[in-house]
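Participant: missing the sequence, but the structure's below:
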């Protein structure tokens, strides 16, 4: 679940059970405020840290929304907090926690109409000590395209 992954990424893993219990999705995450967090049983410093992280995520979402090109098949209400948070990282920022780097070929996009195959793209990847795999367009990219939390590997 991307919300649980995001909570772990922002060091709020203690909130994972409460968010899962309340079925908080990526879109609902952006609507959380102090009152809703309190109703979920989140209090004190944990609430303050959660509100700060949600505020950062909200700013990332608004920035991405302003820069995004409209896609016909995209769900405008779908929010992947893990991907938004990952975009703050560059190859240089990740260097101190990097375990290994390399290139992968990945299938990109929805493939279009009909049975057309998804195009393949070469991406630079960085695996960090916390088992997060960040992927970039180039070795020198200033922003990650996204990340995969690989906690079970």
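Facilitator: Sure, I can see it. Values in this document were obtained by computation on a predicted structure and should not be read as measured data. Residues are numbered from 1 along each chain as shown.

Participant: ranges for the helices of the protein?
Facilitator: Taking DSSP state H as the test, the helices found in the chain are 2-9, 16-21, 26-29, 34-39, 44-67, 81-86, 91-94.

Participant: what does stretch 28-40 contact?
Facilitator: 3, 6, 18-19, 21-22, 24, 47, 50-51, 54, 57-58, 61, 79, 81 (C-beta atoms under 8 Å, 6 or more residues apart in numbering). C-betas here are computed from N, CA, C, even on glycine.

Participant: okay, and the helix or strand of the protein with the least pLDDT?
Facilitator: helix 81-86 (a mean of 64; mean pLDDT, DSSP states H and E).

Participant: report the rounded mean pLDDT for stretch 94-104.
Facilitator: Taken as a whole, stretch 94-104 has a mean pLDDT of 88.

Participant: likewise stretch 23-43?
Facilitator: On average, stretch 23-43 scores 86.

Participant: can you mark which positions in it are buried?
Facilitator: 24, 25, 26, 27, 29, 30, 32, 37, 40, 42 (16 or more other C-beta atoms under 10 Å).

Participant: stretch 40-60 now?
Facilitator: 40, 42, 47, 49, 50, 53, 54, 57, 58, 60.

Participant: now swap in stretch 119-138 and tell me
Facilitator: Buried-residue list, stretch 119-138, by 16+ other C-beta under 10 Å: 123, 124, 125, 126, 127, 128, 132, 133, 134, 135, 136.

Participant: tell me the bridge partners for the last one.
Facilitator: Here residue 136 sits in beta bridges with residue 124, as judged by DSSP bridges.

Participant: that one against residue 122, yeah?
Facilitator: No: Residue 136 lies out of contact with residue 122 (C-beta atoms under 8 Å); the separation is 10.8 Å.

Participant: ok, back up a step: closest one to residue 150 among the helices of the chain?
Facilitator: helix 2-9 (9.8 Å; C-beta to C-beta).

Participant: other SSEs contacting the closest one?
Facilitator: For helix 2-9, the packing partners by 3 or more C-beta pairs under 8 Å, 6 or more residues apart in numbering; DSSP states H and E come out as helix 16-21, helix 26-29, helix 81-86, strand 146-149.
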